[in-house]
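Undergrad: How does the following fold in three dimensions:
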Amino acid sequence: MEDRRDGRSPTQDELPTCYSGDDWSGVTLTEFMNCPSNLANNRQVRMLADLSLVGCYNLSSMNESQRNHILLSSAMSNLKNMAFYGLTEFQRKTQYLFERTFSLRFISAFTQINSTRAANVDLSEPVRRRIEELNFLDVQLYEYAKDLFLQRFQFTRQREHQEVRLKRREERRWLREQRGQGRPWHRGSGNRGGRAGGGGLERGTDGDFPTTTEDYTSQVARW
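TA: Residues are numbered from 1 along each chain as shown. Modelled structure (predicted):
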């Protein structure tokens, strides 16, 4: 996947290639990392940021520190303004947020796969640190995205619990009115001693989400 600006690919002068031939075939990981114009570095930040703020591929328009700060800030802002996004490491939470955000239901649960092909690649600690250094903007964006995602999840869960409590309170009020008027009444078996029907928690038990803080260590503010 290549970066594009104003509907065009970068020129050879803007982003010179770091390999001979048609593609990266045969290039070692070290050669790949040492390429100064490697668009793989911090790709997620560039994909989310407004590149026009930094002159796109014109690296002479500002110093590197200023450029990085603007790119990261732009990417974070655009991510925050998205109605929804998910994280692959939190498949069930991603599904839950999608369903609650768009009032849709998937016919089956998302599958959580914790082992990937990339995770099985054996890297030395120096190489791992080098990769993190080259992608330091993406690392910061990921930490921000994870924190924001978990805030949204917590907020949505709390709101759902509030809706259930309000529904139960309304049911109890209605029952008291029926008893006070001497009218016969009937409650569905699905509501007795359990969850509210309709738009309440439709997961059977909270086994899918043991506690609100299962994946993070501190309570977070509303997003």
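
Undergrad: what's the helix or strand for residue 149?
TA: Using DSSP states H and E, residue 149 maps to helix 136-180.

Undergrad: buried stuff in stretch 26-35?
TA: Residues 32, 35 are the ones in stretch 26-35 that count as buried (16 or more other CB atoms under 10 Å). Bear in mind the C-beta positions are built from the backbone N, C-alpha and C, glycine included.

Undergrad: residue contacts, residue 137?
TA: 42, 45, 68, 71-72, 75 (CB atoms under 8 Å, 6 or more residues apart in numbering).

Undergrad: pLDDT score assigned to it?
TA: Residue-level confidence at residue 137 comes out at 97, pLDDT.

Undergrad: farthest-separated two in the contacts of residue 137?
TA: 68 and 75 (10.7 Å; CB to CB).

Undergrad: out of these two, which sits in the busier spot?
TA: For residue 68 and residue 75, the more surrounded residue by other CB atoms under 10 Å is residue 75, and the numbers stand at 24 against 17.

Undergrad: and the next element down the chain from the helix or strand where that one lies?
TA: Assigned by DSSP H and E, residue 75 falls within helix 64-80. Going down the chain from helix 64-80, the next helix or strand is helix 91-102, by DSSP H and E.

Undergrad: just to revisit the earlier point, may I see the contacts of residue 137 organised as CSV, with pLDDT and distance to residue 127 added?
TA: Below are the contacts of residue 137 laid out as CSV (pLDDT from 0 to 100; distance: CB to CB, whole Å):
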residue, pLDDT, distance to residue 127
42, 95, 17
45, 96, 21
68, 94, 22
71, 96, 25
72, 97, 24
75, 97, 25
